[in-house]
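Enquirer: Structure for this input, please:
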Amino acid sequence: MTIVSLTLIIGLVALVLTVLTGMVFKKVQSWALSFLQNFTGALFVFSGFVKAIDPLGTAFKMEQYFTEFELTFQDTWMSFLSPLFPILSEFAPSFSVIMIVFEIVLGLMLLVGSLRKFTAWAFLLLVAFFTVLTGFTYLTGYVPADVNFFEFGKWGPYTATNMKVTDCGCFGDFLKLEPRVSFLKDVFLLVPAILFVLFSQKMHQLFALPVRASLIGLSAMVFTWYCFSNYVWDIPGIDFRPFKVGVNILEQKNREIDAENNVEITGINLTNKETGEVISNMSYGDFMANFKDYPKENWDFEYIKSAPTVARTKISDFDVSSSDGQEVTEEILSDPNYSFMIIAYKLYGDVATSSQMVKDTSYRNDTLLVGDEIQVSQIIDQIADKQVTLTEYNWDPVYVGKWKEVINPVLASARDNNLDVFAITGYANPDVLESFKAASGSDYTFHVADDILLKTIVRSNPGVVLLKNGTIVQKWHYKQLPTFEEIRQRYMNE
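Expert: Numbering: from 1, shown residues only. Model (predicted):
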């Protein structure tokens, strides 16, 4: 689905609702305003619902924004704001649920005309907030990597790879929008938002006040529960991400890489490093015929390529290494037998360091005459105090308990049945992994990968994935993990 087709569908729904509002309920004061009410209301309900399916996805997107805001503000006169964003990141899941539920409820309030003045202002403020976020995302495309966002004089030509947050997450993983499209969408929504504030008394109202209040209150409770059900005690029932059940990771990765390698260069954008002159969309043939006129030391190049026949997804980034840095991706995805992959994008705990004085003994060599032979012997030269730094890992007992009490008993049975079991966590040094393995009693192999990749695979930490020959057979939230016997009977065809 594209944003155009989605807009047409939402528009058709809004048209039907507007006709019903006017012809059946007889509540329309302004047909145009009622249509905008229904259009924006239906849009917000839909966009909120697809995010409610996967609230952790929205939380992860918020964390990205908070990280970028922290880096953006820290070297400016507003640096006092930077420490705030890491704190906000800690509460990203809660903010995600609040925002999603508010968006859905606000959409319903627009549809039924509840609290018209409040709804109009709330809609305007929320759209303005979204416009700032999507505008920031889009405009960072003009900011070179070594330039702060607020150094406006150093901005350059738009380059998509400059953007740190490449998708606003407006429709979750259901529909990815280019930042420019997201920004323009929100700018467009400012128009009805302003009209609602100016003409709130002409917005239609459906049903009696008690019915409207009950509908809004009940909806808030239902969707709050629905959000929690999709990450607190289970993974989303609808999966919009590329790592769906039934997908063969190895085959899909190869298809995406082959498609990306076979794209054609259709043109090139050139920027003169000294003068700033920009030559847009020069044909590749013309460039090759005159490439001597554009030496690399004077010009920056941006190649324009045809779209790949298979769109790139996060599956292309499925790269896993052993704790000592050896590539194990092919080994994992080529296993013809069933295997269990535990996903943990982060191991929760604290690292404490302390200094301690120890005795440091140094030796020197001495020659001794023993009989007729000269022998070299080590003797103590001196004993001195030496300060050493000790590292202690204090793992979160609740998090460790998830492994000890839920994950490991099931996987122990799998290993007893000669099935391979391994874990993949975010990049960490071997000492960290060995410490966690000892603390959690996990006597199987731990590999490492990019934490964003791991967040995409399964919305649970830890989560369990059953693989066979590179195909995802099933995925589980740790709270919903069945016994090994149940897994074998239901999902393993001997």
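Enquirer: quick one: secondary structure of Val464?
Expert: strand (DSSP: H, G, I helix; E, B strand; the rest coil).
Enquirer: do the one 3 residues further on as well
Expert: Of the three states, Leu467 takes strand under three-state DSSP.
Enquirer: That one touches Ser339, doesn't it?
Expert: Yes. With contact defined as Cβ atoms under 8 Å, Leu467 counts as touching Ser339 (5.0 Å). The C-beta positions use only the backbone N, C-alpha and C, and glycine is treated the same way.
Enquirer: Common neighbours of those two, please.
Expert: Ile332 (Cβ atoms under 8 Å, 6 or more residues apart in numbering).
Enquirer: what helix or strand does Asp286 sit in?
Expert: helix 284-289 (DSSP states H and E).
Enquirer: Quick check: mean pLDDT of stretch 197-214?
Expert: Confidence for stretch 197-214, expressed as mean pLDDT, is 95.
Enquirer: contacts for that stretch?
Expert: So stretch 197-214 is contacted by 21, 25, 27-30, 33-34, 37, 111-114, 116-117, 119-121, 124, 196, 215 (Cβ under 8 Å, 6+ apart).
Enquirer: which is the next helix or strand following the helix holding Asp286?
Expert: strand 299-305.
Enquirer: which residues are contacting that next one?
Expert: 157, 159, 263-273, 281, 284, 294.
Enquirer: Tell me the one of those nearest Ser322?
Expert: Within these, proximity to Ser322 (Cβ to Cβ) peaks at Val263, which comes in at 32.3 Å.
Enquirer: burial count for the closest one?
Expert: 13 (other Cβ atoms under 10 Å).
Enquirer: so what's it closest to, chain neighbours aside?
Expert: Among residues not flanking Val263 along the chain, Lys305 sits closest, at 4.5 Å (Cβ to Cβ, 6 or more residues apart in numbering).
Enquirer: Go through the contacts of strand 299-305 and name the one nearest Val473.
Expert: Val263 (32.5 Å).
Enquirer: Grab the most central residue of the chain for me.
Expert: Phe60 (4.4 Å; Cα atoms, centre = their mean).
Enquirer: about what we covered before: out of the contacts of strand 299-305, flag the one nearest to Thr445.
Expert: Val263 (36.8 Å).
Enquirer: so the residue nearest to the centre of the chain makes contact with Leu453?
Expert: No. Phe60 lies out of contact with Leu453 (Cβ under 8 Å); the separation is 11.7 Å.
Enquirer: For the stretch 1-150 of the chain, which segments are assigned as helices?
Expert: Shown for the stretch 1-150 of the chain, the helices assigned by DSSP state H, counting those that start in this stretch span residues 3-19, 31-52, 55-73, 84-90, 92-112, 116-139.
Enquirer: out of the ones you listed, which comes closest to Asp146?
Expert: Here helix 55-73 is closest among the helices of the stretch 1-150 of the chain (Cβ to Cβ), at 12.2 Å.
Enquirer: quick one on the thing from earlier: filter the contacts of stretch 197-214 to the buried ones?
Expert: 21, 27-28, 33-34, 37, 111-114, 116, 119-120, 124, 196, 215 (16 or more other Cβ atoms under 10 Å).
Enquirer: Per the annotation, how does the chain divide into domains?
Expert: 3-229, 264-305, 316-348+396-491, 350-393 (automatic domain parsing).
Enquirer: what's the first-to-last distance across the first one?
Expert: With Cα to Cα, to the nearest Å as the measure, domain 3-229 spans 28 Å from end to end.
Enquirer: what's the offset of it from the middle of its chain?
Expert: Chain-centre distance of domain 3-229: 18 Å, with Cα atoms, centre = their mean, to the nearest Å.
Enquirer: roughly how far apart are the residue lying closest to Val105 once chain neighbours are set aside and Gln205?
Expert: In space, and not counting its chain neighbours, Val105 is closest to Ala220: 5.2 Å by Cβ to Cβ, 6+ apart. Going from Ala220 to Gln205 by Cβ to Cβ, to the nearest Å gives 19 Å.
Enquirer: where in the stretch 301-450 of the chain is pLDDT low?
Expert: 353-372, 375-381, 383, 385-390 (pLDDT under 70).
Enquirer: Spatially nearest residue to Thr471, not counting backbone neighbours?
Expert: Asn248 (4.5 Å).
Enquirer: Surely the one you found and Lys468 touch.
Expert: No. Checked against Cβ under 8 Å, the pair Asn248 and Lys468 is beyond contact range at 9.5 Å.
Enquirer: Can you list the residue ranges for strands in the protein?
Expert: 265-272, 278-283, 299-305, 321-322, 338-344, 349-370, 373-395, 420-426, 445-449, 463-468, 471-477 (DSSP state E).
Enquirer: can you list contacts of the second one?
Expert: If you take Cβ under 8 Å, 6+ apart as the criterion, strand 278-283 is touched by 157, 266-272, 304.
Enquirer: likewise the fifth one?
Expert: For strand 338-344, the external contacting residues (Cβ under 8 Å, 6+ apart) are 332, 407, 411, 414, 419-426, 454, 457-458, 460-468, 473, 492.
Enquirer: Next, count neighbours for the nearest residue to Lys314 once chain neighbours are set aside.
Expert: With Cβ to Cβ, 6+ apart as the criterion, Lys314 has its nearest non-adjacent residue at 4.6 Å, and that residue is Thr456. Applying other Cβ under 10 Å, we find 22 other residues in the vicinity of Thr456.
Enquirer: Now do the contacts for Thr456.
Expert: Thr456 neighbours (Cβ under 8 Å, 6+ apart): 241-243, 314.
Enquirer: Export the helices of the stretch 1-150 of the chain as JSON lines, with columns for mean pLDDT.
Expert: As requested, the helices of the stretch 1-150 of the chain are arranged in JSON lines below (pLDDT from 0 to 100):
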{"stretch": "helix 3-19", "mean pLDDT": "95"}
{"stretch": "helix 31-52", "mean pLDDT": "97"}
{"stretch": "helix 55-73", "mean pLDDT": "90"}
{"stretch": "helix 84-90", "mean pLDDT": "90"}
{"stretch": "helix 92-112", "mean pLDDT": "96"}
{"stretch": "helix 116-139", "mean pLDDT": "94"}
